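> I'll drop the sequence and a predicted model, then ask my questions.
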Amino acid sequence: MRDDEWEDFLWSVNNFCDNHDIVVPNLTACYVEDDMKHLKTQLDHYKLDVFKDPKFKDVDSLPELCRLLVETKKSMIYFIIDRLICLVLNLPVSTAATERAFSGMKLLKTPLRNKMEHEYLNNVMILYIEREIAHEIDIDYIIDRFDLLKNRRLRLK
């Protein structure tokens, strides 16, 4: 998905959001001082509005809060708060992937392998990070396939 399918996936998510009137926040946008002023105002109104709304009474998690904000269309009113919640919900996923990659690099990039080319290191890192998938690969099957390719070339000559 990282190499070939990301653009298609992102397009389908944006298309889904457009079809269901879901605002897609720009998570790469810069936040300036005006946003901080708006945040303070939105928080003040949020305390008065959402805390008194019975629909929000039993909310006990951020994903549930995010879902209710969208369902009640309050995510449009409190757009900066909604943006912050989205960022917080995405943080553990992006942090975990980065930590996993650096841990893998520490194991793979030893002094003996220090002169490894970037492309080869990238391929080895992907195998290490996605090792659950890699363990499912039948190595004997791959070896047999390559062996058949070699024999086929010899037969053609």
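Happy to help now that I have it.
> mind giving me the packing neighbours of the helix ranked longest in the chain?
Ordering each helix of the chain by length in residues (DSSP state H) puts helix 79-108 first. Where contact means 3 or more CB pairs under 8 Å, 6 or more residues apart in numbering; DSSP states H and E, helix 79-108 is packed against helix 33-49, helix 62-71, helix 118-129. (C-beta placed from N, C-alpha, C; glycine too.)
> any idea of the mean pLDDT for the helix or strand that comes right after the shortest one?
In other words, helix 62-71. Scanning forward in sequence from helix 62-71 by DSSP states H and E, the next helix or strand is helix 74-77. For helix 74-77, mean pLDDT rounds to 91.
> same question for stretch 81-91.
Here stretch 81-91 scores 84 as its mean pLDDT.
> highest mean neighbour count out of the helices and strands packed on helix 79-108?
helix 62-71 (a mean of 15; mean count of other CB atoms under 10 Å).
> returning to that earlier point: go through the helices and strands packed on helix 79-108 and find the least confident stretch.
When these are compared on average pLDDT, helix 118-129 comes out lowest at a mean of 80.
> that one - contacts with which helices or strands?
helix 79-108.
> domain assignment for this protein?
1-108, 111-157 (automatic domain parsing).
> which one of the ones you listed is the most hemmed in?
Most buried among the domains of the chain, counting by mean count of other CB under 10 Å: domain 1-108, with a mean of 12.
> how far out from the middle of the chain is it?
Offset of domain 1-108 from its chain centre (CA atoms, centre = their mean, to the nearest Å): 12 Å.
> just stretch 100-109 next, same as before
Using CA atoms, centre = their mean, the offset of stretch 100-109 from its chain centre is 19 Å.
> hmm, who's touching it?
M116, L121, V124, M125, Y128, I129 (CB atoms under 8 Å, 6 or more residues apart in numbering).
> what do you get if the cut-off is 10 Å, keeping everything else the same?
M116, L121, V124, M125, I126, L127, Y128, I129, E130, R131 (CB atoms under 10 Å, 6 or more residues apart in numbering).
> of those residues, which is the nearest to I137?
L127 (9.3 Å; CB to CB).
> I figured V59 was touching R67, is that so?
Yes - here V59 lies in contact with R67, judged by CB atoms under 10 Å, at a distance of 9.1 Å.
> pLDDT score for I22?
In this prediction, I22 carries a pLDDT score of 80.
> how about the one 3 residues further on?
With respect to pLDDT, P25 has a value of 69.
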